[in-house]
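A.B. asks: No letters, just coordinates:
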């Protein structure tokens, strides 16, 4: 497939995602008619205060958060798989999700479920988990050790979360912690976007500019060094940017799985191995996937299912089909 065709595919997916985002404004338990919105745009309809609140204060930030979080998780998956040269790696592999979960658990159990404290501690603990794994692995010099220490940190954090769930108040704290761990966008506000949106978009842009170096890293560390790449520095920057943007979004939404694992592989099946094209397509697919999953959640009614359940229910079978596709040919 030539580069022009790859670019056209990316444009098509961008258009599909944009159309889905537009349609998402009219999905939910509160009825909003598109014809009324169109009439309001042209000055022929006066929206009520409730309609404006639902449209602009509830659904708009939620849609933006879904788009950014999906893109961040998918972009982080492409980046991490490039660094670790491992098709089973996702952004959460080095302790981000478990660290964020532990921070949220502490906030919910000991700080009365304050949203600000939950988000702050989730973000700080997510970065602390990554930093701990990074230091223990020898400042990221050995990516295999970093991966293994990430698993160790994740297991320790999960055990602490389990302990806190055991002692949490069953009427208030335990349900709040359980729902946070399942992931959701239902509590998203404009305040949620203040830090997550800039961090996510800036890190995505920075990683996009490094996709050529990701391609070079795929050749092997020795070959990359011979081509003038400072291998350790580039890997550290990619890991730092990925951890920062994923932690920023996860602290707001909770743990939303499978997007960072499945969308990179779908992108490679469609476009091949060139990360210059795989990265933007995966980011768009991730945004589309999470937005569509959230639309399903909102379409089901007022009692919302956590969106992480939907992404897992869709993502797991999709990844199973990917495994079957590569069962004979391998991941190369």
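C.D. replies: Cool, the structure landed. This structure is a prediction, so every number in the text was calculated from the model and none was measured. Numbers count the residues shown, from 1 in each chain.
A.B. asks: who's in contact with the spatially most central residue of the chain?
C.D. replies: Centroid-nearest residue in the chain, with Cα atoms, centre = their mean: residue 73, separated by 2.6 Å. Contact partners of residue 73, counting by Cβ atoms under 8 Å, 6 or more residues apart in numbering, are 91, 246, 249, 256, 259-260, 263, 286, 290. For glycine as for every other residue, the C-beta is placed from the backbone atoms N, C-alpha and C.
A.B. asks: Please apply the same query to residue 75.
C.D. replies: 204, 207-208, 242, 245, 279, 282-283, 286.
A.B. asks: Can you tell me the SS state at it?
C.D. replies: helix (DSSP: H, G, I helix; E, B strand; the rest coil).
A.B. asks: Name the nearest residue to it, ignoring sequence neighbours.
C.D. replies: Distance criterion Cβ to Cβ, 6 or more residues apart in numbering; nearest residue to residue 75, sequence neighbours excluded, is residue 283 at 4.6 Å.
A.B. asks: okay, now that neighbour: neighbour count?
C.D. replies: By the measure other Cβ atoms under 10 Å, the count of residues near residue 283 is 31.
A.B. asks: In this structure it contacts residue 71, no?
C.D. replies: Yes: between residue 283 and residue 71 there is a contact under Cβ atoms under 8 Å: 4.0 Å.
A.B. asks: Might you report the residue contacts of residue 267?
C.D. replies: Contact analysis of residue 267 by Cβ under 8 Å, 6+ apart lists 78, 277-279, 281-282, 285.
A.B. asks: Where neighbours are concerned, which of the residues you listed has the most?
C.D. replies: Result: residue 282 is most packed of the contacts of residue 267 (other Cβ under 10 Å), 33 neighbours.
A.B. asks: And that one, which helix or strand is it part of?
C.D. replies: helix 275-299 (DSSP states H and E).
A.B. asks: before we move on, what about residue 171?
C.D. replies: Using DSSP H and E, residue 171 sits in no helix or strand.
A.B. asks: I'd guessed residue 241 sits against residue 208; true?
C.D. replies: No: when contacts are counted by Cβ under 8 Å, residue 241 is not listed as touching residue 208 (10.3 Å).
A.B. asks: who has more neighbours, those two?
C.D. replies: Neighbour count, other Cβ under 10 Å: between residue 241 and residue 208, residue 241 has more, with 21 against 16.
A.B. asks: Identify the residue nearest the more buried one in space, chain neighbours excluded?
C.D. replies: With Cβ to Cβ, 6+ apart as the criterion, residue 241 has its nearest non-adjacent residue at 4.5 Å, and that residue is residue 203.
A.B. asks: right, and the one you found touches residue 245 too?
C.D. replies: Yes: the pair residue 203 / residue 245 is scored as a contact, 3.6 Å apart, by Cβ under 8 Å.
A.B. asks: residues touching the residue lying farthest from the centre of the chain, list them.
C.D. replies: Seen from the C-alpha centroid of the chain, the residue lying at the greatest distance (Cα atoms, centre = their mean) is residue 44, 39.6 Å away. Residues near residue 44 by Cβ under 8 Å, 6+ apart: none.
A.B. asks: change it to 10 Å
C.D. replies: Residue 44 is in contact with 36, 38, counting by Cβ atoms under 10 Å, 6 or more residues apart in numbering.
A.B. asks: Find the helix or strand that it is a member of.
C.D. replies: Under DSSP H and E, no helix or strand contains residue 44.
A.B. asks: ditto for residue 65
C.D. replies: helix 60-84.
A.B. asks: Any idea how many residues pack against the residue lying closest to residue 64 once chain neighbours are set aside?
C.D. replies: Spatial nearest neighbour of residue 64, excluding adjacent residues (Cβ to Cβ, 6+ apart): residue 193 at 6.1 Å. When neighbours are defined as other Cβ under 10 Å, residue 193 has 18 of them.
A.B. asks: And for residue 1?
C.D. replies: Counted with other Cβ under 10 Å, residue 1 comes out at 11.
A.B. asks: what's the answer for residue 144, then?
C.D. replies: So residue 144, with other Cβ under 10 Å, has 11 neighbours.
A.B. asks: Is it in a helix, a strand, or coil?
C.D. replies: Here residue 144 is recorded as helix under three-state DSSP.
A.B. asks: From residue 81, how far out is it?
C.D. replies: 14 Å (Cβ to Cβ, to the nearest Å).
A.B. asks: Determine which two of the contacts of residue 73 are furthest apart.
C.D. replies: 249 and 263 (14.7 Å; Cβ to Cβ).
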